[in-house]
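3D, please:
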Amino acid sequence: RMETDFNPMELPNNTGFEEDSDYRDFEGTEVKDMRLEAEAVVNDVLFAVSNMFVSKTLPCAEDVAYINVETRERNRYCLELTEAGLRVVAYDFDQTDDRLQTPYHETVYSLLDSLSPAYREVFGNALLQRLEALKKESQS
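Now for the predicted structure:
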């Protein structure tokens with residue numbers, strides 16, 4: 001067997017190494033895949049916005065994903081999801097604007113709450129309906 005010196009720093013960026021799920025949890029390090037996180041975020045609040053989906057144009061990585069959202073007021077945003085939270089990075093789908101210095105929000109709920117009064121109303125009503133249903137369940 002021939003042995004070679006291997007320096008991982010020499011790997012080109014486009015090897016697809018990150019894409020291969022067999023290497024995701026390399027040597028037991030737990031890696032959060034932001035695309036999966038982003039999908040979960042979308043599924044959580046899709047009912048309360050006009051449209052929301054993970055960007056297929058902007059690059060997703062282990063540490064960042066982008067989510068497009070259109071509020072019920074018809075305002076479009078591109079959100080960046082990282083370990084730091086979520087923030088608006090552009091006022092249109094599949095865009096980023098480096099000049100935009102928007103604050104991070106810990107949750108998608110607080111971010112949408114700050115952007116969309118209609119979201120707040122729909123989400124609040126859904127919460128009330130759920131509470132009413134739980135109340136009825138506990139009384140029967």
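
Please state the backbone phi and psi of Lys56?
Main-chain torsions, Lys56, degrees, to the nearest 10: phi -100, psi -10.

just Leu79 next, same as before
Leu79 adopts backbone torsions of phi -110, psi 140, taken as degrees, to the nearest 10.

these two touch, right, it and Val69?
Yes - counting by C-beta atoms under 8 Å, Leu79 does reach Val69; the two are 6.1 Å apart. From N, CA and C alone the C-beta is placed, and that goes for glycine too.

Can you tell me how far the residue most central in space within the chain is from Arg130?
For the chain, Ala38 is the residue whose C-alpha lies nearest the centre (C-alpha atoms, centre = their mean; 2.8 Å). Plainly put, Ala38 is 24 Å away from Arg130 if you go by C-beta to C-beta, to the nearest Å.

ok, now which ones touch the residue nearest to the centre of the chain?
54, 60, 65-67, 81 (C-beta atoms under 8 Å, 6 or more residues apart in numbering).

Show me which residues of the biggest helix by length in the chain are buried.
Scanning the chain for the helix with the most residues, using DSSP state H, yields helix 117-139. For helix 117-139, a neighbour-count test (16 or more other C-beta atoms under 10 Å) marks 118-119, 122-123 as buried.

Poorly predicted segments of the chain, please.
Across the chain, the ranges flagged by pLDDT under 70 are 1-32.

Break down this protein into its strands, ranges please.
Ranges of strands in the chain, per DSSP state E, are 51-54, 65-70, 76-82, 85-90.

Which among those strands is found nearest to Asn43?
strand 51-54 (9.1 Å; C-beta to C-beta).
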